[in-house]
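Q: Below are the sequence and a predicted model; questions follow.
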Amino acid sequence: VTVPEDGVGDAALFRALFETAPDAMVVVDRTGTIVLVNPRAESLFGYNSGTLAGRPIEVLLPGQLREVHVAHRTRYMDSPRLRPMGAGYELTGVRADGTAFPVEIGLSPINAGPLPLFAASIRDISETQRARRALTRSRYDAALADISRRILLAANHEAALVDIPQLLASALNAPAVAILLTDPHGDRLRVAAAAGLEGALREQLQRAPWLQALDAEDRARMDGGQVAAFPPIEGAPSPHAVVTTLPDRRTPAGYLVAWLPPPNGSDRDRHHFFGAVANVLSGAIQRGRADEQLAHAQRLDALGQLTGGIAHDFNNLLTIISGNLQLLEMAGPMDVETMETVASASRAVERGSALTRKLLGFSRRQRLTPQPVRPELLLADLSDMLSRTLGEHILVIASCADELPAVFADPGELEAALINLALNARDAMPTGGKLIISAHALSVSGDDDLTTGAYVVFSVADSGTGMPSEVSARAFEPFFTTKDPGKGSGLGLSMVYGFVKQSLGRLTLESQVDVGTRIEMILPVAQEAVVAPMPSPVSANGSATVLVVEDEPEVRRIAVSFLRAAGYTPIEAGDATSARAAFAAHPDIELMFTDVVLGAGDSGVELAMELQATRPGLKVLLTSGYEFGSWDADSGDAGELELLRKPYRRDDLISTLQRVLNPR
Ligand SMILES: Nc1ncnc2c1ncn2[C@@H]1O[C@H](COP(=O)(O)OP(=O)(O)OP(=O)(O)O)[C@@H](O)[C@H]1O
Ligand SMILES: [Mg+2]
């Protein structure tokens with residue numbers, strides 16, 4: 001090792017400085033050959049003293065960089081002043097044993113002798129980088145903890161999402177961050193929360209062509225919980241953007257997108273953090289959606305119980321009123337005015353019973369006669385009728401997938417439900433619009449509230465006003481209406497809901513303000529053909545002895561009067577015990593007419609089973625204010641028993657009684 005001594009004052013002092021400098025120093029000549037190194041350089045790169053000088057500077061660089069470096073250095077050395085290299089380059093150094101480490105390099109030409117020389121001071125920044133990385137990581141950890149805590153403490157998941165983009169953006173130094181959520185169909189995106197995102201970009205994100213722009217590999221990576229490059233879109237705040245899926249069980253709950261500052265060494269940590277936030281978000285969204293659905297179902301259930309109970313009692317009252325009115329009619333000739341009064345009261349009873357029927361529909365206590373129904377026939381009939389009646393300003397489009405199986409549902413109620421939905425759609429499009437009614441097949445497996453199997457989805461979509469979330473959250477509730485008093489009863493959707501539930505299906509609602517609403521009825525496919533009951537004609541007066549079991553004395557009194565007037569011999573009982581006694585005392589009883597709910601926990605169905613067991617020929621006619629859909633567990637196989645709905649009219653009672661007494 002020699003120090004050029006021409007003109008330098010105190011050579012010994014400079015040599016000492018050079019030898020003891022804390023940074024590695026390397027001096028090369030124009031050909032890139034090392035002419036001088038200090039001990040720190042030798043020890044940093046792991047060379048024995050004196051073994052570095054004479055070698056090309058490139059031995060200190062990774063193999064793949066050497067060639068480039070030669071070209072680069074030649075250009076620099078040709079005109080160092082024009083191309084200052086300065087200080088602060090971060091490069092990778094390679095030790096004698098081949099291991100690499102990060103270095104920072106300062107370069108400068110030395111004009112101290114006849115030949116130009118170049119000096120490099122080199123500093124090992126492994127520690128600095130490690131510290132920097134640790135710092136970044138702990139910043140990410142803190143941000144993740146903060147985000148998780150906010151989500152846990154938030155009242156609901158939508159509220160929790162609001163602050164997340166800003167937190168994420170500042171942790172990542174990102175110019176913009178957006179959380180996109182999918183609708184239940186997974187085909188529409190909505191920016192649920194964002195930071196640094198202006199309107200046009202927001203629109204572009206929601207329109208989602210970027211999702212199609214992702215290639216299969218990116219999608220697979222995203223769905224595997226990793227981060228993919230977000231395709232460049234116009235007006236983006238940075239060319240570097242990443243996206244990942246917010247995973248959910250079936251379709252993704254949404255996507256998390258961030259526009260990042262230029263890539264740097266800690267990209268892995270950054271992506272890792274980003275992915276972790278996405279997972280925390282997904283958890284929150286899932287929990288929130290599950291909570292909402294549960295609360296919604298529970299609220300509707302509780303309402304169903306309540307309305308069902310009220311409707312039942314109300315029906316009994318209506319039976320009494322209508323019975324008394326009919327007794328008045330039978331009592332003898334009336335003057336015109338009295339006749340009008342009675343007729344008006346009878347009409348009110350009819351209206352009341354129509355109302356209770358709707359309530360029972362909602363509380364899933366309607367009597368349904370499910371049959372196989374062909375969707376394409378139903379839709380064809382319906383779309384004709386609707387295009388004629390809804391008005392010219394509404395374009396009705398019906399479409400039905402090919403070769404759909406028949407659904408198993410009450411045809412009348414199914415049609416009523418579709419009409420109800422269409423009327424709602426019409427009301428939502430006062431200035432006109434499009435109504436699309438369609439049906440397609442759906443196969444369900446592993447679902448919470450639908451049994452595994454084949455279903456048909458009836459969808460009614462409109463381009464109307466849509467519903468804000470506070471309306472859509474309550475739309476299925478009975479009496480919930482936004483219409484003017486007298487315009488809507490608020491029972492339309494609740495009936496549809498009850499009907500679909502009782503038919504073992506599911507009703508879904510999806511709505512966006514100013515865009516439209518789509519309501520879907522998911523109904524099970526018919527398994528086997530079911531024969532419709534045959535109507536039988538009403539014949540002349542009867543004479544049979546009939547046991548009337550009814551715990552409501554008023555209702556009983558009316559039934560007895562009806563029967564007596566029609567020539568029958570009624571025998572009364574107010575509960576199951578006296579019914580048994582009366583039955584034993586009158587072997588001539590041909591038929592028992594009994595309420596299903598007899599008070600004190602007794603059931604007319606059980607009573608019927610019991611008495612039929614002792615006298616097999618006994619005919620039974622049930623009556624109830626509830627409209628039982630199917631006779632389930634606790635009522636045994638009473639499905640074969642005829643049921644008369646309350647309130648019944650006299651002719652209903654007599655004709656049904658005759659049908660039971662004289663079956664075809
Ligand atoms: N297609 C739709 N578009 C916009 N809002 C709707 C739509 N369908 C229902 N709604 C909202 O839901 C509410 C409840 O609907 P529902 O059918 O139960 O009752 P209603 O239409 O108000 O009264 P009714 O059907 O008894 O005459 C409506 O008042 C309306 O605010
Ligand atoms: Mg309605």
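A: Perfect, I can see it now. Just so you know, these numbers come straight off a predicted model, no measurement behind them. Ligands and ions are numbered 1, 2, ... in the order given.
Q: do you know how far residue 208 is from residue 230?
A: Residue 208 is 12 Å from residue 230, where distance means C-beta to C-beta, to the nearest Å. Every residue, glycine included, has its C-beta placed from N, CA and C.
Q: Also residue 211?
A: Where residue 230 is concerned, residue 211 sits at a distance of 10 Å (C-beta to C-beta).
Q: higher neighbour count, residue 208 and residue 230?
A: In this view residue 208 and residue 230 are compared by other C-beta atoms under 10 Å, and residue 230 has more residues nearby, 23 against 15.
Q: Could I get the contacting residues of the more buried one?
A: Residues counted as contacts of residue 230 (C-beta atoms under 8 Å, 6 or more residues apart in numbering) are 210, 241, 242, 243, 257, 259.
Q: Helix, strand, or coil at whatever residue of the stretch 251-400 of the chain ends up closest to ligand 1?
A: Among all residues of the stretch 251-400 of the chain, residue 358 sits closest to ligand 1, at 8.0 Å; criterion: C-beta to the nearest ligand atom. Classification of residue 358 using DSSP: H, G, I helix; E, B strand; the rest coil returns helix.
Q: Contact partners for it?
A: Per C-beta under 8 Å, 6+ apart, neighbours of residue 358: 478, 489, 491, 494, 495.
Q: any chance of those residues in a markdown table, plus neighbour count?
A: Below are the contacts of residue 358 laid out as a markdown table (neighbours: other C-beta atoms under 10 Å):
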| residue | neighbour count |
| --- | --- |
| 478 | 25 |
| 489 | 14 |
| 491 | 22 |
| 494 | 26 |
| 495 | 23 |
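Q: Using PDB, write out every CA atom in the helix or strand harbouring residue 494.
A: According to DSSP states H and E, residue 494 maps onto helix 492-502. Below are the C-alpha coordinates for helix 492-502, written out as PDB (Å, rounded to 0.1, in the frame of the first residue of the first chain):
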ATOM      1  CA  GLY A 492     -97.800  -6.300   0.800                       C
ATOM      2  CA  LEU A 493     -94.200  -7.300   1.500                       C
ATOM      3  CA  SER A 494     -95.000  -8.900   4.800                       C
ATOM      4  CA  MET A 495     -97.400 -11.300   3.200                       C
ATOM      5  CA  VAL A 496     -94.900 -12.100   0.500                       C
ATOM      6  CA  TYR A 497     -92.300 -12.700   3.300                       C
ATOM      7  CA  GLY A 498     -94.600 -15.000   5.300                       C
ATOM      8  CA  PHE A 499     -95.700 -16.900   2.200                       C
ATOM      9  CA  VAL A 500     -92.100 -17.500   1.000                       C
ATOM     10  CA  LYS A 501     -91.000 -18.600   4.500                       C
ATOM     11  CA  GLN A 502     -93.900 -20.900   5.000                       C
END
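Q: State the mean pLDDT of the very next helix or strand once past that helix.
A: Next along the chain after helix 492-502, taking DSSP H and E as the criterion, comes strand 506-512. Averaged across strand 506-512, pLDDT comes to 92.
Q: Tell me the helix or strand right after strand 506-512.
A: Scanning forward in sequence from strand 506-512 by DSSP H and E, the next helix or strand is strand 516-524.
Q: what lines up beside that following strand in the sheet?
A: Applying DSSP bridges, strand 516-524 is found paired with strand 453-462 (antiparallel), strand 506-512 (antiparallel).
Q: Okay, now the unreliable bits of the stretch 401-550 of the chain?
A: Counting by pLDDT under 70, the ranges of the stretch 401-550 of the chain that qualify are 528-541.
Q: Now do the strands in it.
A: Counting by DSSP state E, counting those that start in this stretch, the segments of the stretch 401-550 of the chain that form strands are 407-409, 433-444, 453-462, 506-512, 516-524, 545-549.
Q: quick one: the fifth one near ligand 1?
A: Translated: strand 516-524. Yes. Shown here: strand 516-524 in contact with ligand 1 (C-beta under 6 Å from any ligand atom) through residue 517.
Q: quick one: pLDDT of residue 184?
A: For residue 184, the model assigns a pLDDT of 60.
Q: should've said residue 602
A: Looking at residue 602, its pLDDT stands at 80.
Q: What of the one 10 residues further on?
A: You'll see residue 612 listed with a pLDDT of 92.
Q: Which secondary structure element is home to it?
A: Residue 612 is part of helix 604-614, with elements assigned from DSSP H and E.
Q: got the CA coordinates for that helix in CSV?
A: Output in CSV follows, covering the C-alpha atoms of helix 604-614 (Å, rounded to 0.1, in the frame of the first residue of the first chain):
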residue,chain,number,x,y,z
GLY,A,604,-108.9,-30.4,18.7
VAL,A,605,-106.7,-32.5,16.5
GLU,A,606,-105.7,-34.8,19.4
LEU,A,607,-109.2,-35.0,20.6
ALA,A,608,-110.3,-36.1,17.1
MET,A,609,-107.6,-38.7,16.9
GLU,A,610,-108.6,-40.1,20.3
LEU,A,611,-112.4,-40.2,19.5
GLN,A,612,-111.8,-41.7,16.0
ALA,A,613,-109.7,-44.4,17.7
THR,A,614,-112.7,-45.4,19.8
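Q: For that helix, buried residues please.
A: By 16 or more other C-beta atoms under 10 Å, the buried positions in helix 604-614 come out as 604, 605, 606, 607, 608, 609, 611.
Q: sec struct for the closest residue to residue 256 other than its chain neighbours, please.
A: Distances taken as C-beta to C-beta, 6 or more residues apart in numbering put residue 278 closest to residue 256, at 4.6 Å, once the chain neighbours are dropped. Taken by three-state DSSP, the conformation at residue 278 corresponds to helix.
Q: How many residues are close by residue 278?
A: Neighbours of residue 278 (other C-beta under 10 Å): 25.
Q: Spit out the contact partners of it.
A: Contacts for residue 278 (C-beta under 8 Å, 6+ apart) come out as 225, 244, 245, 246, 247, 256.
Q: what helix or strand does residue 623 sit in?
A: For residue 623, the host element (DSSP H and E) is strand 619-624.
Q: Between helix 604-614 and that strand, find me the angle.
A: 170 degrees (axes from the mean of the first three to the mean of the last three C-alpha atoms, to 10 degrees).
Q: still on that earlier bit, any chance you could list what contacts the helix holding residue 612?
A: So helix 604-614 is contacted by 549, 576, 579-580, 583, 592, 594-598, 618, 620, 622, 624, 631, 635-636, 638, 641 (C-beta under 8 Å, 6+ apart).
Q: so that helix versus strand 545-549, what angle?
A: Using the same axes, to 10 degrees: helix 604-614 against strand 545-549 is 140 degrees.
Q: now helix 604-614, how far from the centre of its chain.
A: Remark: helix 604-614 is offset 47 Å from the chain centroid, using C-alpha atoms, centre = their mean, to the nearest Å.
Q: Equivalent analysis for stretch 580-589, please.
A: Chain-centre distance of stretch 580-589: 58 Å, with C-alpha atoms, centre = their mean.
Q: buried set for that stretch?
A: Within stretch 580-589, the residues scored as buried using 16+ other C-beta under 10 Å are 580, 582, 583, 589.
Q: near ligand 2 too, which of the residues you listed?
A: Here nothing survives when these are matched to ligand 2 using C-beta under 5 Å from the ion.
Q: export the residues you listed to a markdown table and tack on pLDDT, distance to residue 391 and secondary structure?
A: Shown next, in a markdown table, are these (pLDDT from 0 to 100; distance: C-beta to C-beta, whole Å; DSSP: H, G, I helix; E, B strand; the rest coil):
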| residue | pLDDT | distance to residue 391 | secondary structure |
| --- | --- | --- | --- |
| 580 | 94 | 60 | helix |
| 582 | 95 | 59 | helix |
| 583 | 95 | 59 | helix |
| 589 | 94 | 57 | strand |
